[in-house]
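>>> my questions are about this predicted structure, shown below with the sequence.
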Amino acid sequence: MSTPSTPLRVGFVSADHLHFSGLLHQALACDEIVVVGMVIDDDEHRTFLAERFPSVPIFHTPEAMLADGRPEALITNRNNRDAVADVEFAARHGLHVMKEKPMASSLQIAEAMQSAVARGGVRLMINWPTTWSPAFQHAHHLASSGRIGNVWQVHARFGHQGPPANFASGDPVSRIGWGWLMDRDLNGGGAAIDFCSYGAVISRWFMGQPSRVTGVGGRYVREHMTVEDNAVMVLSYPRGHSICEGTWSQPATPTPLPILIYGSEGTIAIPPNQNREVLVAMGDGPWKQTVETVVAPDLPAHFASGPAYFAHCLKNGLPFEGIVNPAISRDAQEILQAGLRAMETGASVSLPLPAFVG
């Protein structure tokens, strides 16, 4: 492993995920990382990315990159079902690994990832883009410090217009990136996995693991899909509940919803697309309340991005904290699986799920 004074050698494996280019740009901009190569499976996609990242060596297989690039860690952007193979490859070769959100297509695969890195003695991080927002981090600090009393609800809605009907006729990024998202086997679902996952992992971090999950959803708008384009999961706790919404049929909205954290004495709001400000409402009823705009303090430099944090923690022997911790992401996967089962059966599903559940 590189020392704190030398950059971490990182290889990228697969560009399935639509976040791939952004993550690669972030890694290239990070002084603590040297990108030693990228493994791209699809021929057209490989040519496309080689033209856009000419400074990054490109390989056909992880084995070839391992031999020539000598990475110390991998970042996988493979689809949610098959990324476990990259995690297992990394573990067999003593490489730490970062997986782009969510953790997996199923709880069973998430737990297989955990087992692989435990056997290999390496570390796993799950990258959630929300993590790198100062407002998000400060909201958690305020809530955990008791600023709004006992937290009894998180309400998180995430979404956009969804995969387009003509995705297959676009460039290879569109063809591959949208294609696997609409494949239930490769993704684990549709909008529920893509966007309820944020609410699930945020709820887990702010409130812990729920005891029961209820879910509704379906294909309401997008006729070119065979997966759900909308879903809502309600997480039940002994003294509260959480609401996780995901949509692929929201082309526009006049009032984007903030992430809301409700407490017994007040409410915290993280405005959409707001990286620095948190709203804190305190008082006794809507007519006797005060709303304060709190500017979040700067985060350390290694919170600039997922790759930057990944490298910094590995080089300095620091734990992965918050929602990027694989234990928290694993619990979010269990929430999602319970919610999907509730959507199918129409009945609430209790947690924990039985061991080795499919």
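Perfect, thanks for sending it. Numbers count the residues shown, from 1 in each chain.
>>> contacts for stretch 257-275?
133-136, 139, 142-143, 147-157, 202, 206, 256, 277-283 (Cβ atoms under 8 Å, 6 or more residues apart in numbering). (Each C-beta comes from the backbone N, C-alpha and C, glycine too.)
>>> could you redo the last one with a cut-off of 6 Å?
Taking contacts as Cβ atoms under 6 Å, 6 or more residues apart in numbering, the residues outside stretch 257-275 that touch it are 133, 135-136, 139, 142-143, 148-157, 256, 278-282.
>>> what's the ChimeraX line that selects buried ones from those?
The buried residues among the contacts of stretch 257-275 can be selected in ChimeraX (16 or more other Cβ atoms under 10 Å) with this line:
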select :133,135,136,139,142,143,148,151,152,153,154,155,156,157,278,279,280,281,282
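>>> which of the contacts of stretch 257-275 fall within helices?
Judged by DSSP state H, the subset of those located in helices is A135, F136, A139, L142, A143.
>>> tell me which of those residues is nearest to E292?
L142 (10.5 Å; Cβ to Cβ).
>>> with adjacent residues omitted, what lies nearest to the closest one?
Setting aside the residues directly before and after it, L142 is nearest to I268 in space (Cβ to Cβ, 6 or more residues apart in numbering), at 5.9 Å.
>>> again, but for A192
A231 (3.7 Å).
>>> from what I can see that neighbour touches D194, true?
No. Between A231 and D194 there is no contact, the gap being 9.4 Å when judged by Cβ atoms under 6 Å.
>>> what secondary structure does the residue nearest to L142 sit in?
Three-state assignment for I268 (DSSP: H, G, I helix; E, B strand; the rest coil): strand.
>>> so what pairs up with it in the strands?
I261, V280 (DSSP bridges).
>>> check it and give its pLDDT.
On pLDDT, I268 comes in at 98.
>>> do the one 4 residues further on as well
According to the predicted model, the pLDDT of P272 comes to 88.
>>> likewise for the one 10 residues further on?
For M282, the model assigns a pLDDT of 96.
>>> G199 versus that one, what's the distance?
M282 sits 24 Å away from G199, going by Cβ to Cβ, to the nearest Å.
>>> and if you look at L318?
Separation of L318 from G199 (Cβ to Cβ): 27 Å.
>>> more neighbours: which of those two?
Legend: neighbour count by other Cβ atoms under 10 Å for L318 and G199, higher for G199 (27 against 11).
>>> can you name the next helix or strand after whichever strand or helix holds that one?
G199 belongs to helix 197-207 when assigned by DSSP states H and E. Note on helix 197-207: by DSSP H and E, the next helix or strand toward the C-terminus is strand 212-218.
>>> run through who's touching whatever helix or strand comes next after that following strand.
Toward the C-terminus, strand 212-218 is succeeded by strand 230-237 as the next helix or strand (DSSP H and E). Residues outside strand 230-237 that contact it (Cβ under 6 Å, 6+ apart): 191-192, 196, 203, 210-217, 220, 241-247, 339.
>>> pull out the CA atoms of strand 230-237 and give them to me as CSV.
Provided in CSV are the C-alpha atoms of strand 230-237 (Å, rounded to 0.1, in the frame of the first residue of the first chain):
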residue,chain,number,x,y,z
ASN,A,230,-42.3,4.9,-9.3
ALA,A,231,-42.1,3.5,-5.8
VAL,A,232,-42.6,4.6,-2.2
MET,A,233,-41.3,2.7,0.8
VAL,A,234,-42.4,3.4,4.4
LEU,A,235,-40.0,2.3,7.0
SER,A,236,-41.4,1.6,10.5
TYR,A,237,-39.5,2.2,13.7
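>>> list the buried ones in it?
Applying 16+ other Cβ under 10 Å to strand 230-237 flags N230, A231, V232, M233, V234, L235, Y237 as buried.
>>> sec struct for A355, please.
coil.
>>> what's the spacing between it and I335?
Remark: distance between A355 and I335 (Cβ to Cβ) = 16 Å.
>>> what about these two, which has more around it?
Between A355 and I335, I335 has the larger neighbour count (other Cβ under 10 Å), namely 28 against 8.
>>> what's the closest non-adjacent residue to that one?
Of all residues not flanking I335 in the chain, A200 sits nearest, at 4.2 Å (Cβ to Cβ, 6+ apart).
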